[in-house]
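Novice: Please find the sequence and the predicted model below.
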Amino acid sequence: MDVRHFERITAFIEERLTPLFAEETGSENGFGMDDTSRALRALRNAVLEASAVKGLLEKRPTAEPAVRRVIDQAVEQHWDVLRGVARQWEDHPDFVREFKRHAWELDTAPAAVPAAG
């Protein structure tokens, strides 16, 4: 698993969430004190927190075995959070099979590099 997996799933989720902050939703652009705005902020914060694994993944190769196990557990936990959120849009045309996979399955499947367009 590498940071590109997290970047791809986070971008997918952000593309789904960002339109919900629009004024047309009645949520005061997500920054009001109504329940919809609060829920949107909470979800976005959870996604952003779960996607912040770059530093962990960078330290993993040189970490001692005990620390590496903790890093692996943390990365798996963060991936599971993002995977659970992304799967709410499993029927979306931009959803990719990678988002359904468990962290340990991604260890053998490097993230695809998007084609230059």
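Specialist: Everything's here; your move.
Novice: Below-threshold pLDDT in this protein: ranges please.
Specialist: 25-30, 107-117 (pLDDT under 70).
Novice: can you map out the helices along it?
Specialist: 3-17, 35-51, 54-59, 65-86, 103-106 (DSSP state H).
Novice: Report all helices and strands that the third one contacts.
Specialist: In terms of contact count using 3 or more CB pairs under 8 Å, 6 or more residues apart in numbering; DSSP states H and E, helix 54-59 is assigned the packing partners helix 3-17, helix 65-86. Glycine gets a C-beta too; all of them are placed from N, C-alpha and C.
Novice: Direction-wise, compare the longest one with helix 3-17 and give the angle.
Specialist: Here helix 65-86 points in a direction 30 degrees away from that of helix 3-17 (axes from the mean of the first three to the mean of the last three CA atoms, to 10 degrees).
Novice: in helix 65-86, what counts as buried?
Specialist: Using 16 or more other CB atoms under 10 Å as the test for burial, helix 65-86 gives 71, 72, 75, 76, 78, 79, 82, 83, 85, 86.
Novice: With the shortest one instead?
Specialist: Under the neighbour-count criterion of 16+ other CB under 10 Å, helix 3-17 has 3, 5, 6, 8, 9, 10, 12, 13, 16 buried.
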